[in-house]
Structures are given as C-alpha cells and as structure tokens.
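K.L.:
just coords:
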C-alpha cells in the first residue's frame, strides 16, 4: 500500500475522535467594544457563530458578570436549547433568538446594574464549548469641563471628567474659531492660539448624546477696530469742544475790550 494512503487511513480516525476535529466551532460578538448604553434604552448584542460541516449547535447561553471584583458572580440571562433551539430569557425584559448562524440578546429598559462583562457560550453536539466576551457600560453625560492655558506653547487645553464619547468645540467671543485666531487639534482638546497677544473670551463646549457643558478662559480685553474708531471719534469731539471753547473765549474777550474802549471814548467826550 502507498505510504500516503496508509498515513491518511491512520490519521483520519484520530481527527474524528478529537472534540472539534479540524473545524472547531467559533463565536464572535459583532458589537464594537465597549458597548455604551443610555439608561432606559435597549441593549442589543449580536453574536455570529461559525461552524464546520460536522458541527451542530446544541445550546447557546448568554451570561453576565461584574467588570471588576475579587470573585465576580456570573448570572445566566438567557438560553437557547433543544432540537430547534428554543430560546427564553430569565426575566421578562430579556429576549433572545437564533436566526441561522446568528444569536441576538436584547435587554429592554437597561439600568446601571446591568453593566458588566457579557459572555455568549456556544455548545456543540459533542459538548465542546466556545465563548466570546463583550464589555457593556453605562452611557454617561458630560461632567466638569475646564479650560487651562499653556503659556509656553500659546495653547489652551480643554478637559472633561468622565463623559462618554465627548465631542469638543471651540469659540472665541461666541464665534467659531477661525484660522486668524488659531487651530484645533484632531481630537478637539487643544487650541493652538495664533493671535498675538492672546485676548478675549475662549469657550470650550463638550457635548455627547445626553447634552453639553462648557467652560470659558478669559484673557485681557481685545482692542478691536470698532473700539479704536470710537476712541478716535471721541478724541476728535473733545478737541473740537476745546477749540470751540477757546475761540468763544477769545471772541468774548475781544468784544469786551471793544466795549470798554467805546465807553472810555464816550467818557472823554463828555468831559471835554
């Protein structure tokens, strides 16, 4: 017998006796991790099952455990089992289903207590198990926005405490930042100021799905063109008033001297 066929006949039975054979079953949660959920909304997790031609799913189990802790307790949320994989959740607000090679877990009215590490375990007909994990956290509002200045780099830095998916926007005197004022970094946290000197009000607004919060850095007042024009007009008016006052005084004094001269002439005529 040819050596190649001899080896195939010897190796094939060994592979069939292995729990997974050459095509082990795999499961992947398709949600981008970590998953952030707004309290009161619905949490939906989807997992795709990859199986070979020899594998058959006999059970799917969804579980949850705390993300941190010394000895976290795992809680079963839902299972799919039986000949046609009948699915059921352990609570009224928990729903699970199986469609072809995909399983979906949905929890209605999500609360903070339901944050943690979610696990989906797929068991095949031979009892072999494979598990995928996903971290789920509460979607939190923006908190404690602050703006600080880095004098040496002529930049302003915007900070935010712990809000989920924060988006940063900058304004100077309540107007969006222009190239003449400065440039904003890609992540939006830093404003490199181009104007010299740094003056006026710089506001950083941080927002997400739950709202926004802002903070303002106040520098010295800016000498705007309008203010300069106003100051020049005021100065001109003051000069005109002073000039007019001086001219009026001179005319009054001249008129007074003329009147005194006329009275003196009349007095001399009377005396003669």
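P.N.:
Looks like it arrived, so ask away. Here the structure is a predicted model, which means the values were calculated and not measured.
K.L.:
show me where this protein has helices.
P.N.:
3-17, 225-271 (DSSP state H).
K.L.:
mean pLDDT for those: which is lowest?
P.N.:
When the helices of the chain are compared on average pLDDT, helix 3-17 comes out lowest at a mean of 45.
K.L.:
what about residue 74, neighbour count?
P.N.:
By the measure other C-beta atoms under 10 Å, the count of residues near residue 74 is 12. (C-beta placed from N, C-alpha, C; glycine too.)
K.L.:
touching, it and residue 61? I think so.
P.N.:
No: look at residue 74 against residue 61 with C-beta atoms under 8 Å: they stay out of range, at 10.2 Å.
K.L.:
what distance do you get for the most centrally placed residue in the chain to residue 148?
P.N.:
The residue lying closest to the centre of the chain (C-alpha atoms, centre = their mean) is residue 166, at 1.2 Å. Distance of residue 166 to residue 148, computed by C-beta to C-beta, to the nearest Å: 16 Å.
K.L.:
the domain parsing of the protein - what is it?
P.N.:
3-138, 146-218 (automatic domain parsing).
K.L.:
between the two ends of the shortest one, how far is it?
P.N.:
Between the start and the finish of domain 146-218 there is a gap of 12 Å, counting by C-alpha to C-alpha, to the nearest Å.
K.L.:
gap between it and the chain center?
P.N.:
The offset between the C-alpha centroid of domain 146-218 and the centroid of the whole chain comes to 13 Å, using C-alpha atoms, centre = their mean, to the nearest Å.
K.L.:
then the first one?
P.N.:
The chain centroid and the centroid of domain 3-138 are separated by 31 Å under C-alpha atoms, centre = their mean.
K.L.:
where along the stretch 101-250 of the chain do the strands fall?
P.N.:
Ranges of strands in the stretch 101-250 of the chain, per DSSP state E, counting those that start in this stretch, are 102-107, 116-124, 129-138, 146-150, 155-159, 167-172, 175-176, 182-184, 190-193, 201-208, 211-218.
K.L.:
among the ones you listed, which is nearest residue 48?
P.N.:
Nearest to residue 48 among the strands of the stretch 101-250 of the chain is strand 102-107; the distance by C-beta to C-beta comes to 5.3 Å.
K.L.:
buried ones in the closest one?
P.N.:
Buried residues in strand 102-107, counting neighbours by 16 or more other C-beta atoms under 10 Å, are found at 103, 104, 105, 106, 107.
K.L.:
what do you get for stretch 147-163?
P.N.:
Neighbour-count burial for stretch 147-163 [16+ other C-beta under 10 Å]: 147, 149, 154, 155, 156, 157, 158, 160, 163.
K.L.:
any idea how far the second one is from residue 189?
P.N.:
Between residue 149 and residue 189 the computed distance is 13 Å (C-beta to C-beta).
K.L.:
now do the first one
P.N.:
Applying C-beta to C-beta, the value for residue 147 to residue 189 is 10 Å.
K.L.:
overlap in contacts of these two?
P.N.:
157, 158, 159 (C-beta atoms under 8 Å, 6 or more residues apart in numbering).
K.L.:
just give me the neighbour total for the closest residue to the second one other than its chain neighbours.
P.N.:
Spelled out, that is residue 158. Computed as C-beta to C-beta, 6 or more residues apart in numbering, the closest residue to residue 158 that is not its neighbour in sequence is residue 204, at 3.6 Å. Per other C-beta under 10 Å, the neighbour tally for residue 204 reads 26.
K.L.:
check residue 142 too.
P.N.:
With other C-beta under 10 Å as criterion, residue 142 counts 23.
K.L.:
and for residue 201?
P.N.:
Other residues close to residue 201 by other C-beta under 10 Å number 14.
K.L.:
and residue 197, what pLDDT?
P.N.:
Taking residue 197 on its own, its pLDDT is 90.
K.L.:
I'm done for today, thanks for sticking with me.
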